[in-house]
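Asker: Below: sequence and its predicted model.
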Amino acid sequence: MAGQGRGRVSITAGTRKMPPFEQSLGATLIEAKETVIAPLRPILREYRVTEPQWRVMRVINDRGATDATGLAEVALLHPPSVTRILKELEERKLVSREPDANDRRRTMVALTAEGREFVKLISRTMMRILREYSERFGSERLERLADELRALSAAVRGVE
């Protein structure tokens with residue numbers, strides 16, 4: 001069973017050998033991500049949307065009309081994936097693409113009215129699950145954890 005008997009993450013500056021995989025930072029982060037996402041997957045399946053499609057729609061919903069490069073960066077996806085996702089969402093009439101009024105070389109992507117309703121509908125169910133996470137783990141702990149994970153990402157970004 002995931003998470004049982006794993007022990008603490010084993011990483012120190014003086015370590016000369018790799019920790020067992022199940023005690024590694026990578027494994028711990030993957031397990032946490034999978035555990036958090038697992039209850040959300042059935043909701044996405046019910047609405048026939050993939051996790052990356054949902055991320056793209058969330059970013060557009062949060063930011064308004066956005067170009068594909070910005071979408072890829074914020075949604076943490078590769079640009080070719082975003083291109084494919086946008087094509088699929090456009091076919092479903094959930095997003096629309098228009099040339100940027102200021103730079104005709106760029107295309108801006110926005111949610112359609114149907115797309116906005118779609119996000120609103122799915123978000124209601126998602127929020128119920130996210131509230132349960134907060135209740136179980138504690139909202140302050142959850143905020144601190146998110147802050148620490150953002151700080152970790154910033155600290156190690158660019159390490160080769």
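Answerer: Structure's in. What do you need?
Asker: When you work out contacts or count neighbours from here on, use the C-alpha atoms and nothing else.
Answerer: Will do.
Asker: Mind jotting down where the helices sit in the chain?
Answerer: 25-37, 41-46, 51-63, 68-75, 79-91, 113-137, 139-156 (DSSP state H).
Asker: okay, the angle between the third one and helix 25-37?
Answerer: What it means is helix 51-63. For helix 51-63 against helix 25-37, the angle by axes from the mean of the first three to the mean of the last three CA atoms, to 10 degrees is 80 degrees.
Asker: How far off centre is helix 51-63?
Answerer: Centroid separation for helix 51-63 versus its chain: 8 Å, with CA atoms, centre = their mean, to the nearest Å.
Asker: List the buried residues in that helix.
Answerer: Of all the residues in helix 51-63, those buried under the rule 16 or more other CA atoms under 10 Å are Q53, W54, R55, V56, M57, R58, V59, I60, N61.
Asker: What of the longest one?
Answerer: Neighbour-count burial for helix 113-137, counted by 16+ other CA under 10 Å, picks out G115, R116, V119, I122, M126.
Asker: L40 is in contact with the last one, correct?
Answerer: Yes - with contact defined as CA atoms under 8 Å, M126 and L40 form a contacting pair (6.7 Å).
Asker: Apart from its chain neighbours, what residue comes closest to the residue most central in space within the chain?
Answerer: Centroid-nearest residue in the chain, with CA atoms, centre = their mean: R55, separated by 5.5 Å. With sequence-adjacent residues excluded and distances taken as CA to CA, 6 or more residues apart in numbering, R55 is closest to A75, at 5.6 Å.
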